[in-house]
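K.L.:
I'd like to go over a predicted model; first the sequence, then the structure.
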Amino acid sequence: MSAERDIFLALAGALFAAPASADPSAVAADAARAFGNHCFNPYLTAETAHADIARPGVRVDFYDTAPFASDAPSPATGRAPTPGTDRRCEVAFDGMHVETARNGAITGLAREGIRAQTAVPAAFAAQPGTEFIAARLLNPRRIAVVQVGTRHGADGAETFINVERLNPLTEASQ
């Protein structure tokens, strides 16, 4: 009986020690859902973004220059804030899953009631690899731009979903 128990414990230990290789489509769906559930929330902070969105296989880039965080480069990517924005929430994951990512973004916009479409400002530069870009009015003085696309990541192709809140519009820019 002791030998059987030892074999069982050894096998159980090996199973729990082995890295879980998640299905890339499931990771993409989970990441897109997490993006939609959290990135449009105006009360999201860097701490909650990483706690609520980050998971194995999913990379999070978040900054909010006012009121919750600094404008220091993102610890996730080292990128500085995009000129003309004061907030970014981005989720990236391995593989090419643009449709899944796009659906997650659209679902998140609808869940938060962000429906008023507007033109993407001419001065706003899309990220390389963007396959979907849309702008929505958050209120009469605020625009958010959502981008979905693919790019080369550390492990090959990766999909990104990104929302950036632009600085408040001034009378001259409206």
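P.N.:
It's in. Worth saying up front: this structure is predicted, and the values here are computed from it rather than measured.
K.L.:
what sits against the most centrally placed residue in the chain?
P.N.:
Centroid-nearest residue in the chain: residue 91, 2.2 Å away (criterion: Cα atoms, centre = their mean). Taking Cβ atoms under 8 Å, 6 or more residues apart in numbering, we find residue 91 in contact with 31-32, 34-35, 39, 53, 58-61, 160-162. Every residue, glycine included, has its C-beta placed from N, CA and C.
K.L.:
quick check, nearest of these to residue 103?
P.N.:
Ranked by distance to residue 103 (Cβ to Cβ), those are led by residue 32 at 6.5 Å.
K.L.:
correct me, but the closest one touches residue 99?
P.N.:
No - Residue 32 is not in contact with residue 99 according to Cβ atoms under 8 Å; the separation is 9.5 Å.
K.L.:
which residue of the two possesses the greater neighbour count?
P.N.:
Remark: of residue 32 and residue 99, residue 32 carries more neighbours, 27 against 14, as counted by other Cβ atoms under 10 Å.
K.L.:
who are the contact partners of the more buried one?
P.N.:
With contact set as Cβ under 8 Å, 6+ apart, residue 32 has these partners: 91, 97, 100, 101, 103, 104, 105, 161.
K.L.:
wait, the second one sits on residue 30?
P.N.:
What it means is residue 97. No - in this structure, residue 97 is not within contact of residue 30 by Cβ under 8 Å, at 10.9 Å.
K.L.:
who's more crowded, the two?
P.N.:
A direct count of neighbours by other Cβ under 10 Å for residue 97 and residue 30 places residue 97 higher, at 24 against 20.
K.L.:
much appreciated, bye for now.
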